[in-house]
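Student: here you go, sequence then predicted model.
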Number of protein chains: 2
Amino acid sequence: MDELVVGVLGGTGPQGRGLAVRLAAVGQRVLLGSRDADRAGEVAAQVAGRAAAAVGGEVVVQGGVSVQGGSNTDVAGAADLVVVAVPFAGHAAPLAELAAPLAGKVVVDCVVPMGFDELGAHVLDVPEGSVAQQAAALLPDSAVVGAFHHVSAVLLEDLSRPTLDGDVLVVGDDRAATDTVQALAGRLPGMRGVHAGRLRNARQVEALTVNLVSVNRRYGAHTGIRVTDV
Amino acid sequence: MDELVVGVLGGTGPQGRGLAVRLAAVGQRVLLGSRDADRAGEVAAQVAGRAAAAVGGEVVVQGGVSVQGGSNTDVAGAADLVVVAVPFAGHAAPLAELAAPLAGKVVVDCVVPMGFDELGAHVLDVPEGSVAQQAAALLPDSAVVGAFHHVSAVLLEDLSRPTLDGDVLVVGDDRAATDTVQALAGRLPGMRGVHAGRLRNARQVEALTVNLVSVNRRYGAHTGIRVTDV
């Protein structure tokens, strides 16, 4: 699946940047999107440099590292598969504007509806039930999949760790799309994509990230999850 | 913590019976409750026999195996700590009646708000936000903790497997209570109790069980989860 061009909307944020660098380091062609195309270009150059350095180290890539930056709109149009890694507060409005370029594509939403108050992290209400369902409502002609919520951005970006430790729970209603996303997740070293149900069961997958953040704070860790017995 | 008497409400169901037999097999004194005290007595005798046989095998227990049956009301009154393992449909009404005997105690809720339709498993709405929060609302003088949602009843009951594989996510607002439940979870061979946040974040922990059921169906497994990096 090297030939699959992966776009990352919100690719200058920690989660998007982390996914971009890890995918680039295994030879996936990546388009890194941001509202600010210039900023996207700068971060894409950094990501490409870090991925290439990792390739020169422990990782071997056929065909080299390719990361290019652009506006979210350009990336949505040019990529084969698009990962949505924007902040939750900026999720609905930009996606609504990208329905046309995203039509017919697999859209992978990893956005978590999380807020913080004096008691710590908590789940924000999403009228559609989950962020992934919100994306599906806004992108009626795309195959929306929820995934990559539980992968620590810190560990994604830390290429000194050649392998990660965790499973990617993949939820969605389109079997071909979830198959693709499971395969993409499986390219991250040490990770697996596990099909974890339909889109109507995305809410708790997204929201569990809030609990992992609580664990991180209590235990000083960068947690993920593994599904046992599979 | 051998001296802690653990009551299991709904102890004749799969999850309650599985927790009872595993806890008994590591020397925890268990009171097994049911609406039908006679039925509770029968199941308690079976559970005691199976736990004792396991002890004679791979497990070593100081002080022997002790499992006794009784009505949910009697068990709620006699136990030091009470696990609620009743069906979700029979959760609110019985708990409301047990507020007095459960006052001052740790109440561990492992009930999952799950329904099934032609598309598979889905999450049922709980007006209080989660089953654990419902219990907390009904039991204002108890320390309510959510835990043991993700432990497969099938694996709990299969004592031919000496160790289990998974973490118990423990959510609650009373630190002494969550400490106790984490320690209790840690008595199950191969398991750990991991503090996973406040009670307001119980919903997604409960609901994730729906996704695990989807994984079980797809992969023919009895899944649980592990938290990585802790």
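Tutor: All right, it came through fine. Numbering: from 1, shown residues only, chains lettered A, B, ... in the order given.
Student: quick one: contacts for residue A:128?
Tutor: A:134, A:136, A:137 (C-beta atoms under 8 Å, 6 or more residues apart in numbering or on different chains). For the C-beta atoms, the positions are set from N, CA and C on the backbone; glycine is no exception.
Student: verify the stated contact: the first one with residue A:91.
Tutor: Read it as residue A:134. Yes - applying C-beta atoms under 8 Å, one finds residue A:134 in contact with residue A:91, separated by 6.7 Å.
Student: got the contact list for the lowest-mean-pLDDT helix or strand in chain A?
Tutor: Taking mean pLDDT, DSSP states H and E as the measure, chain A has helix A:37-56 as its least confident helix or strand, at a mean of 93. Helix A:37-56 is contacted by residues A:11-12, A:17, A:20-21, A:24-25, A:30, A:32-34, A:61, A:64-71, A:74-75, A:159 when judged by C-beta under 8 Å, 6+ apart.
Student: list the buried residues of stretch A:188-206.
Tutor: Residues of stretch A:188-206 classed as buried by neighbour count (16 or more other C-beta atoms under 10 Å in any protein chain shown): A:188, A:191-206.
Student: hey, C-alpha coordinates of it in CSV?
Tutor: Presented in CSV, the C-alpha positions along stretch A:188-206 are these (Å, rounded to 0.1, in the frame of the first residue of the first chain):
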residue,chain,number,x,y,z
LEU,A,188,3.1,1.4,12.2
PRO,A,189,5.8,-0.7,13.8
GLY,A,190,4.5,-2.7,16.8
MET,A,191,0.9,-1.8,16.1
ARG,A,192,-2.2,-3.7,14.8
GLY,A,193,-5.5,-2.5,13.5
VAL,A,194,-8.4,-4.3,15.2
HIS,A,195,-11.9,-4.0,13.9
ALA,A,196,-13.9,-2.8,16.9
GLY,A,197,-17.4,-2.4,15.6
ARG,A,198,-19.7,-0.1,13.7
LEU,A,199,-19.6,3.7,13.6
ARG,A,200,-22.5,3.8,16.1
ASN,A,201,-20.0,2.4,18.6
ALA,A,202,-17.4,5.1,17.9
ARG,A,203,-18.3,7.3,20.9
GLN,A,204,-16.7,5.2,23.6
VAL,A,205,-13.6,4.5,21.5
GLU,A,206,-13.1,8.2,21.2
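Student: can you tell me if it touches chain B.
Tutor: Yes - judged by C-beta under 8 Å from any C-beta of the partner chain, stretch A:188-206 comes into contact with chain B through A:194, A:195, A:196, A:197, A:198, A:200, A:201, A:203, A:204, A:205, A:206.
Student: so how far is that stretch from its chain's centroid?
Tutor: Distance of stretch A:188-206 from its chain centroid, counting by C-alpha atoms, centre = their mean, to the nearest Å, is 12 Å.
Student: avg pLDDT for that stretch?
Tutor: The pLDDT scores in stretch A:188-206 average 97.
Student: please enumerate the strands of chain A.
Tutor: In chain A, the segments counted as strands under DSSP state E are A:5-9, A:29-34, A:67-71, A:81-84, A:106-109, A:114-117, A:120-123, A:143-146, A:166-172, A:191-195, A:224-228.
Student: for chain A, which spans come out with low pLDDT?
Tutor: Low-confidence segments of chain A (pLDDT under 70): A:56-63.
Student: relative to its centre, which residue of it is most distant?
Tutor: residue A:118 (28.1 Å; C-alpha atoms, centre = their mean).
Student: contacts only, for it.
Tutor: Counted by C-beta under 8 Å, 6+ apart, residue A:118 has zero contacts.
Student: ok, now how distant is it from residue B:198?
Tutor: 12 Å (C-beta to C-beta, to the nearest Å).
Student: over to residue A:104?
Tutor: In terms of C-beta to C-beta, residue A:104 sits 42 Å off from residue B:198.
Student: report the beta-bridge partner residues of the closest residue to residue A:174 other than its chain neighbours.
Tutor: Among residues not flanking residue A:174 along the chain, residue A:143 sits closest, at 4.0 Å (C-beta to C-beta, 6 or more residues apart in numbering or on different chains). Here residue A:143 sits in beta bridges with residue A:106, as judged by DSSP bridges.
Student: what sits against residue A:143?
Tutor: For residue A:143, the contact set (C-beta under 8 Å, 6+ apart) comprises A:105, A:106, A:107, A:172, A:174, A:176, A:177.
Student: so how many other residues sit close to the first one?
Tutor: By that I understand residue A:105. Residue A:105 has 20 neighbouring residues, counting by other C-beta atoms under 10 Å in any protein chain shown.
Student: return the backbone torsion pair for it.
Tutor: With angles defined as degrees, to the nearest 10, residue A:105 sits at phi -110, psi 160.
Student: look up how far residue A:136 lies from it.
Tutor: 13 Å.
Student: hey, what's in contact with both of the two?
Tutor: residue A:142.
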